[in-house]
Structures are given as structure tokens and as C-alpha cells.
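Chemist: predicted model and sequence below, questions to follow.
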Amino acid sequence: MSIISVENVLVEKDVTTACFRCNLGLCHGACCVEGELGAPLKTEEVAALEDGVELLRDRLPEKNLRYIRRYGCIEVYQGDIYTRTIDGGECVFAVKNGTTTLCAIEEAMLDGVNIARKPLSCRLFPIRVRKKFGLDYLVYEQHYMCRHARKEGTQNSVLLVDFLKDVLEDAYGTSFYNRLKDF
């Protein structure tokens, strides 16, 4: 796997060449439901999530609220922190809108609720931030659930980095994004 360095961030070359455009109408929010662990969290995101649960009380299904009351909204696995999942499936912040699963945190923000943003790992998905040599290392995870997003991205010539431009700029800055685009 080829790795490039952009402003003290290591980036898997696939991140810059992959095509991707999420379409919730096709995947139905599978990333909020599939997998054994929830979204990876940065330490500084934990308190905001725990504090934000109360603001989401009217948005979350009762079963999610019961689960959060009993187990909390985060879990630690092998030293890493994640959003908690219900029985190894859906994230505790997941809400159904018809056949599509959405994020209660994001929905609350869009409605003007003063709540912390949903975790960076959710906003960057399918890019994951790992650590390598003490630096952030951006890796493109190709999941089956995102096959439609890869197809739509390819058909519409939308690069993954363009699809995630706002999040990449938010996390690493405009200069980083512009240099990343040069690769």
C-alpha cells in the first residue's frame, strides 16, 4: 500500500484516488447499523457525547435510551473508545426514518439544537483515522455496504476527497485539503 505525507498526516494513496458518493436512499444508513463496534472516538469527544444524551432524549427510541441508561453511550475495547452499539449492531445514537437509519446527533444539529457534532470518524467515513509513527494515518476502508457509493462516485466522477472536502478541511485545514488534492 502506497502512503503519502501531507502536512504531518500520513495518507493511504487510495484515499486520493477512490471515487465515492454516499446515497442514503440506496444504503439506508447501513454504516450506523452494521459492525460489532460503534464509531471510533477521540478522547475529547467522549464528554460531549455523554453530555449530549440528555438533549437527544426526545429523538432516541426508548430501547436506545434504556440501553444508554444501563450501559452508557461509549465503550472501550482493547484500549480504544467507541460509541456503544446495541447488542453489537446499531449505534445507540441511531434513529429510524422509514427504512433509513440516521444519526440523532446530526439530526439535532440540523434542527438547531446546540449539541456537539457527531464524531469525526462518522463524518469521515469511509476514511478511518489510525495512528502510525505517532501521526494521524488516513485509511480508506472499502465496505460492502458502500458498494453503491463507490458505483455512484465512479459514474459521476466524484472523488472521495471531494465528497468529504468539508470534513477534511474541518479536521485538518484548507491547506491540508488543497495539498491532498495535488496528489
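Modeler: Arrived safely, thanks for sending. Because the structure is a prediction, the values reported are computed rather than measured.
Chemist: the protein: helices as residue ranges?
Modeler: In the chain, the helices defined using DSSP state H lie at 14-17, 24-27, 43-52, 62-71, 104-110, 120-124, 147-155, 160-163, 165-172, 174-181.
Chemist: could you dump the ones you listed into TSV with mean pLDDT and distance to residue 33 added?
Modeler: From N, CA and C alone the C-beta is placed, and that goes for glycine too. Formatted as TSV, the helices of the chain follow (pLDDT from 0 to 100; distance: least, Cβ to Cβ, whole Å):
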stretch	mean pLDDT	distance to residue 33
helix 14-17	97	24
helix 24-27	93	10
helix 43-52	94	18
helix 62-71	96	12
helix 104-110	95	13
helix 120-124	96	13
helix 147-155	97	15
helix 160-163	98	21
helix 165-172	97	21
helix 174-181	96	30
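Chemist: mean neighbour count added to these, as CSV?
Modeler: Formatted as CSV, the helices of the chain follow (neighbours: other Cβ atoms under 10 Å):
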stretch, mean neighbour count
helix 14-17, 18
helix 24-27, 15
helix 43-52, 15
helix 62-71, 14
helix 104-110, 19
helix 120-124, 19
helix 147-155, 16
helix 160-163, 20
helix 165-172, 17
helix 174-181, 15
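Chemist: can you list the domains in this protein?
Modeler: According to automatic domain parsing, the chain comprises the domains 1-20+126-183, 25-125.
Chemist: one step back: can you lay out the helices of the chain as TSV showing distance to residue 90?
Modeler: Formatted as TSV, the helices of the chain follow (distance: least, Cβ to Cβ, whole Å):
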stretch	distance to residue 90
helix 14-17	27
helix 24-27	14
helix 43-52	16
helix 62-71	8
helix 104-110	11
helix 120-124	13
helix 147-155	19
helix 160-163	24
helix 165-172	22
helix 174-181	31
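Chemist: show me the one of these that comes nearest residue 132.
Modeler: Of all the helices of the chain, helix 14-17 sits nearest to residue 132, with 13.5 Å by Cβ to Cβ.
Chemist: against which helices or strands is the closest one packed?
Modeler: With contacts taken as 3 or more Cβ pairs under 8 Å, 6 or more residues apart in numbering; DSSP states H and E, helix 14-17 sits against strand 135-140, helix 160-163, helix 174-181.
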